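In: could you look at this predicted model? Sequence included:
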Amino acid sequence: MDILTLVGVVVALCAILGGNMLEGGPIDSLLQLTAFVIVFGGTVGAILVQTQLTIFLHSLKISRWVVMPPRLDVEAVMEKVIGWSNIARKEGLLGLEAIGDSEPDAFARKGLQLLVDGGEPQAIRAALEVEIETHEHRDLLAAKVYESMGGYSPTIGILGAVMGLIHVMNNLADPTKLGSGIAVAFVATIYGVGLANLFFLPIANKLKAVIGDQSRFREMIMVGLAAIAAGENPRNIESKLRGYLH
């Protein structure tokens, strides 16, 4: 679990709400359902217009990575690849066939299958590079959904503010309705800017970082498998892979 995500959200909310209270403003003054519906609903609607359904659903699926990113044990996988190289050196590439069939990671399983089938190092690298780029491209499109939401929500917040002011102007003759209209106008702007800068943009950036880590993790496996195919010494392979530990 990425505890910094939760700490960051708590710190940000406490700072904003605490600052509001220090200025003498009640918390319920920031709770406006109408403003939230306008900003959040408008932002989601704009994203649905922009994004393909498969990408939008994938963005919902990977959103959990912000708090619970996939576990990437680089050192353990490095030791596993070195073990594969020792087996290939002693038993030949066919000795990896049973290991490939039982390998839980789909990317590594595909690479092992290419290796067992006698693929050339460059052919293995080319095939796995396509796999890495495909995964990365799809995940980055999903992350950009939140980045786009961070771009739309402040503008939708301004739209909510204008709507609130229109409500105020239509009810100038009734002072009892002026307060609610003004509240919606200002709170909608707060919601738009707050959602963008406290949630949507940080989520997008955190997802991009996780996606980058996954690509480098797969790249390490690819380099190891290509080196095994080239018949390199296990010690040389270990030396290459240790660069990914940091």
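Out: That came through, no problem.
In: select the helix or strand of the chain having the lowest average pLDDT value.
Out: helix 178-195 (a mean of 81; mean pLDDT, DSSP states H and E).
In: what about Gln104, which helix or strand?
Out: Careful, residue 104 is Pro and not Gln. Using DSSP states H and E, Pro104 sits in no helix or strand.
In: oh, that last question was meant for Thr54, not what I typed.
Out: Using DSSP H and E, Thr54 sits in helix 53-62.
In: buried residues in that helix?
Out: Residues of helix 53-62 classed as buried: Ile55, Phe56, His58, Ser59, Ile62 (neighbour count, 16 or more other C-beta atoms under 10 Å). The way it works is simple: take the backbone N, C-alpha and C, and place the C-beta from them, glycine included.
In: now tabulate the residues you listed in a markdown table and tack on pLDDT and distance to Val37.
Out: Output for the buried residues of helix 53-62, formatted as a markdown table (pLDDT from 0 to 100; distance: C-beta to C-beta, whole Å):
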| residue | pLDDT | distance to Val37 |
| --- | --- | --- |
| Ile55 | 97 | 25 |
| Phe56 | 97 | 20 |
| His58 | 97 | 26 |
| Ser59 | 97 | 21 |
| Ile62 | 96 | 26 |
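In: OK, contacts around the residue nearest the centre of the chain?
Out: The centroid of the chain falls nearest to Leu207 when counting by C-alpha atoms, centre = their mean (2.0 Å). Residues in contact with Leu207 (C-beta atoms under 8 Å, 6 or more residues apart in numbering) are Ile62, Ser63, Trp65, Val66, Asp139, Ala142, Ala143, Tyr146.
In: from the residues you listed, which is closest to Thr51?
Out: Using C-beta to C-beta, Ala142 comes nearest to Thr51 of the contacts of Leu207, at 9.0 Å.
In: contact partners for the closest one?
Out: Ile55, His58, Ser59, Lys61, Ile62, Leu207.
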